[in-house]
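Q: build the 3D model from these lines:
(chains A and B, ligands or ions: 1)
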Amino acid sequence: MDAFKTLTGPMLVLPQENIDTDQIIPGRFLTATSFDGMGDHAFADWRYDSDGNPLEDCVLNEPRAAASPILVAGRNFGCGSSREHAPRALLGFGFRVVISSEIADIFRSNSQNVGLLPVVLDEAVHRQLLAMDGESLTVDLEACEVTAPDGARHGFDIDGFARYCLLNGMDRLDYLLAQDNNITRYEESHER
Amino acid sequence: MSDSQPQDAGNAPRTPPRTLFDKLWDAHVVTPESEDAPAVLFIDLHLVHEVTSPQGFDTLRARGIPVRRPDRTLATLDHSTPTTPPDADGTRHYYTPQARSQVEQLERNCEEFGIRLEGWDSAQRGVVHVMGPEIGATQPGMTVVCGDSHTATHGAFGALAFGIGTTEVGYVLATQCLLQRKPRSMRITVDGSLGTGVGAKDLILHIIRTIGVNGGTGHVIEYAGSAIEALSMEQRMTVCNMSIEAGARAGMIAPDQKTIDYLRGRPLCPQGEAFDTAADGWLALRSDAEAAFDREVHIDAAEVQPTLTWGIDPGMSMPVGARVPEAGGPGVDRALHYMGLSGGAPLLGHPVDIVFIGSCTNGRISDLREAASVLQGREVAEGTRMLVVPGSEAVRRQAEQEGLHRVFLEAGAEWREPGCSMCLAMNGDLVPPGKTAVSTSNRNFEGRQGPGSRTHLASPLTAAACAVAGRVVDPRDYLAAKTGEAA
Ligand code: SF4
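A: You can find the predicted model right below:
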């Protein structure tokens, strides 16, 4: 997992609420046995017609989309299935940060596990950002704040452990493997 | 019963009253949570399927580590599998070469890592959340995870069961543990009784509409109350199954005598005296009378009507006789447009192209019996296609023993082999673009059942009645007792 410290770049806004993981990566792409190339299929049914031609009115097909590291989406982003393919597809597409006023639980933990930073901002700030499509934002994970295009700074909360892992690009598996003694003790005391 | 003391294992000092969820959480903490780090939580049962596991196994291979507890890991094939029978020579018709290779990869991974796989040759194979309880793998008091958001189904047995991502599948394979912050708790109390023709599916759709598709975010839900106690185990699974559609981490129901009766004799459960001892412990898991929840919601069962979704998330539902919302507001307009509906129109009478009975929500034997009771002596309407997909081999066997498959076939429906099928349309069973489906599955997201598919979620009774009519109807006009009229 790549470390994340701070990033400045343009925002891409998808204002719809309740964008579910079937939109982010439709089920038919889940037969892959590797996450490589998942970004090509991000939002496939929003970006392409049934013959695979790009849809002109889809903002995700504008050249700036692939150059926007920050996705700002409507409330309750990432609801639905537990498919990790969803944050993987967003990373593959070029996003490093997803911002909303509410992010679904499993999607949030999957994102943290794979190095996509989920940022939950309060509704008023979120509403302002939704109206700033294309403008530049700074996301600073060390300071836990975003700097809006107008220079205003807004703090955000993130679990301290998730923050530590992202800042250091730390793989949680190493942390869990290091718990071996505790796990063995647990197994011995709970399984007679 | 009401004067309950906290029941501690052993003679620990008296603890404050705890919920069912608290008790399960406490019993599985390997390393307690702190400000700096989440809890390390031990997982009793890890269910695995072909879609969300390959990269998890790759991680183990890359690091050269074994599966820590193959004895606590159980795999099945369900998502990418064809539901058409194999050729005489055993050839299976996968939708794509990738689907085949995904299945074959899980077969190889299970072989290599020594994991029990209920594969093609198993008489138990089924949709992971149908199969687990059937064979007694799911037991009260357990932590159960799977790379699948509908894992909450197993909470019907008083297990703490939740979905995880593929990276976490790798963690559990390697360490049998997960890193978790303790979620908040929520109790949804449903009192009163459900009306005739109203079932568990209608209830959970009603609950999701009431609390919203994000109403459970950050919470573990305990369903309680007289209407929940009155549900069968299969109906309880239907309710817990859709907890994720309200955003909840998990859903659970306290074990009671019905739970014990369901589990007795299941192959992976303790047997004989050991079962009785286990059962005593299971009954003590229920929330203490004084236990506090972070949030409480009350639902009156009598208010629940046969319910269908009209829109593009499971919270966009309505009583069958109501009208869809008036146009206005981006969410509603997008949904109406996608679904091909006009604002303010009734759903009754809306033409139905496809009916799907199946999935981990409603693919159990009781669901098929309900659907068959409507179809008995009737026919699927001309121009409507009906697909019935049992949730597991055991459900299929039971249905065929009871002759339900004949009822479906004689009515003109298709009777398929077990699998997820049209629930997520990975295996080629799909709803064509622009076609309207009434489906007993759990998600009506845009494109869920195939690109451009229009899904109305409903109960098996409602779905079967819609198949007979070829349009949306009130299932109460088609109940078994009324055979012969209303067609
Ligand atoms: S039946 Fe549907 S919801 Fe259930 S496990 Fe299969 S795909 Fe997931």
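Q: now stretch B:371-389, how far from the chain's geometric center?
A: Mean C-alpha position of stretch B:371-389 versus that of the full chain (CA atoms, centre = their mean, to the nearest Å) differs by 23 Å.
Q: should've said stretch B:248-264
A: On CA atoms, centre = their mean, the centre of stretch B:248-264 falls 14 Å from the chain's centre.
Q: burial check on the residue in chain A that the ligand sits nearest to, number of neighbours?
A: Residue nearest to the ligand within chain A: A:S81 (7.2 Å; CB to the nearest ligand atom). In short, each C-beta sits where N, CA and C put it, glycine included. For A:S81, the count of nearby residues is 32 (other CB atoms under 10 Å in any protein chain shown).
Q: also B:T277?
A: Applying other CB under 10 Å, we find 11 residues neighbouring B:T277.
Q: so what's it up against?
A: Shown in contact with B:T277 (CB atoms under 8 Å, 6 or more residues apart in numbering or on different chains): B:P270.
Q: same check on B:G470?
A: By CB under 8 Å, 6+ apart, the residues touching B:G470 are B:351-352, B:380-384.
Q: got those residues as a markdown table, with secondary structure columns?
A: A markdown table is the format used below for the contacts of B:G470 (DSSP: H, G, I helix; E, B strand; the rest coil):
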| residue | secondary structure |
| --- | --- |
| B:P351 | strand |
| B:V352 | coil |
| B:V380 | coil |
| B:A381 | coil |
| B:E382 | coil |
| B:G383 | coil |
| B:T384 | coil |
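Q: A:P87: which of the residues you listed is nearest?
A: Nearest to A:P87 out of the contacts of B:G470 is B:V352 (CB to CB; 35.6 Å).
Q: surely the closest one meets B:R471?
A: Yes. Contact criterion CB atoms under 8 Å: B:V352 and B:R471 qualify, at 5.6 Å.
Q: touching both of those two, which residues are there?
A: Joint contacts of B:V352 and B:R471 (CB under 8 Å, 6+ apart) are B:A381.
Q: does the helix or strand hosting B:Q102 reach the ligand?
A: Assigned by DSSP states H and E, B:Q102 belongs to helix B:97-113. No. Helix B:97-113 is not in contact with the ligand by CB under 6 Å from any ligand atom; minimum separation 13.4 Å.
Q: how about that helix: buried residues?
A: Buried residues in helix B:97-113, counted by 16 or more other CB atoms under 10 Å in any protein chain shown: B:98-103, B:105-106, B:109-110, B:113.
Q: contact residues of the stretch 301-450 of chain B facing chain A?
A: Contact residues (CB under 8 Å from any CB of the partner chain) of the stretch 301-450 of chain B with chain A: B:313, B:330-331, B:334, B:424-426, B:433, B:443, B:445-448.
Q: going by distance to B:R184, which of the residues you listed wins?
A: For these, the nearest to B:R184 is B:D313 (22.4 Å; CB to CB).
Q: next, count neighbours for that closest one.
A: The local packing of B:D313 (other CB under 10 Å) involves 24 other residues.
Q: what does B:V332 give?
A: 17.
Q: now do the contacts for residue 39.
A: Just going to use chain A. Applying CB under 8 Å, 6+ apart, the residues contacting A:G39 are A:88-94.
Q: um, chain B though
A: Contacts for B:A39 (CB under 8 Å, 6+ apart) come out as B:25, B:29-33, B:179-182.
Q: redo that, cut-off 10 Å
A: Residues counted as contacts of B:A39 (CB atoms under 10 Å, 6 or more residues apart in numbering or on different chains) are B:25, B:28-33, B:177-182.
Q: using CSV, lay out the buried residues of helix B:97-113 together with distance to chain A and pLDDT.
A: CSV is the format used below for those (distance: CB to the nearest CB, whole Å; pLDDT from 0 to 100):
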residue, distance to chain A, pLDDT
B:Q98, 4, 95
B:A99, 5, 96
B:R100, 9, 96
B:S101, 7, 95
B:Q102, 5, 96
B:V103, 9, 97
B:Q105, 5, 96
B:L106, 9, 98
B:N109, 10, 98
B:C110, 14, 98
B:F113, 15, 98
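Q: ok, so of those, who is nearest A:G160?
A: Nearest to A:G160, judged by CB to CB, of the buried residues of helix B:97-113 is B:F113 at 33.8 Å.
Q: pLDDT wise, what is B:P13 at?
A: We note a pLDDT of 59 for B:P13 in this prediction.
Q: kindly report the same for the one 10 residues further on.
A: At B:K23, the pLDDT value in this model is 98.
Q: isn't there a helix covering it?
A: Yes. B:K23: assigned to a helix according to three-state DSSP.
Q: on that earlier part again, show me which of the buried residues of helix B:97-113 is closest to B:T455.
A: For the buried residues of helix B:97-113, the minimum distance to B:T455 (CB to CB) is 21.7 Å, reached by B:A99.
Q: report whether the very next helix or strand once past the helix holding B:Q102 contacts chain A.
A: Remark: after helix B:97-113, the chain's next helix or strand is strand B:116-118, criterion DSSP H and E. No. Strand B:116-118 lies out of reach of chain A by CB under 10 Å from any CB of the partner chain, never closer than 16.2 Å.
Q: quick one: B:V389 from B:P82, how far?
A: As judged by CB to CB, to the nearest Å, B:V389 and B:P82 stand 11 Å apart.
Q: so the two - more neighbours on which side?
A: Taking other CB under 10 Å, B:V389 and B:P82 do not tie; B:V389 has more neighbours (27 against 20).
Q: secondary structure class for the residue nearest to B:A278 when sequence neighbours are not counted?
A: Ranked by CB to CB, 6 or more residues apart in numbering or on different chains and with sequence neighbours excluded, the top spatial neighbour of B:A278 is B:P270, at 4.9 Å. Under three-state DSSP, the three-state class of B:P270 is coil.
Q: surely B:P270 and B:G136 touch.
A: Yes. If you go by CB atoms under 10 Å, B:P270 and B:G136 touch, sitting 8.9 Å apart.
Q: wait, does the longest strand belonging to chain B make contact with chain A?
A: As assigned by DSSP state E, the longest strand anywhere in chain B is strand B:184-191. No. Strand B:184-191 lies out of reach of chain A by CB under 10 Å from any CB, never closer than 11.0 Å.
Q: could you list the buried residues of that strand?
A: B:185-190.
Q: would CSV of those with distance to A:W46 and pLDDT be doable?
A: Output for the buried residues of strand B:184-191, formatted as CSV (distance: CB to CB, whole Å; pLDDT from 0 to 100):
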residue, distance to A:W46, pLDDT
B:S185, 36, 98
B:M186, 33, 98
B:R187, 38, 98
B:I188, 34, 98
B:T189, 40, 98
B:V190, 37, 98
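Q: and for the lowest-mean-pLDDT helix or strand in chain B, what are the contacting residues?
A: Least confident helix or strand of chain B, by mean pLDDT, DSSP states H and E, is helix B:330-339 with a mean of 94. Contact partners of helix B:330-339, identified using CB under 10 Å, 6+ apart, comprise A:15-18, A:74, B:309-313, B:316, B:324-329, B:341-345, B:347, B:350, B:436, B:444-447, B:452-456.
Q: circling back: show me what the helix holding B:Q102 is packed against.
A: For helix B:97-113, the packing partners by 3 or more CB pairs under 10 Å, 6 or more residues apart in numbering or on different chains; DSSP states H and E come out as strand B:45-48, helix B:54-63, strand B:73-76, strand B:116-118.
Q: which residues does B:L179 bridge with?
A: On the basis of DSSP bridges, B:L179 is bridged to B:V40.
Q: so it touches A:S109, yeah?
A: Yes. Counting by CB under 10 Å, B:L179 does reach A:S109; the two are 8.9 Å apart.
Q: need the three-state assignment for A:S109.
A: From three-state DSSP, the assignment for A:S109 is helix.
Q: and for B:R443?
A: Criterion first, three-state DSSP; result for B:R443: coil.
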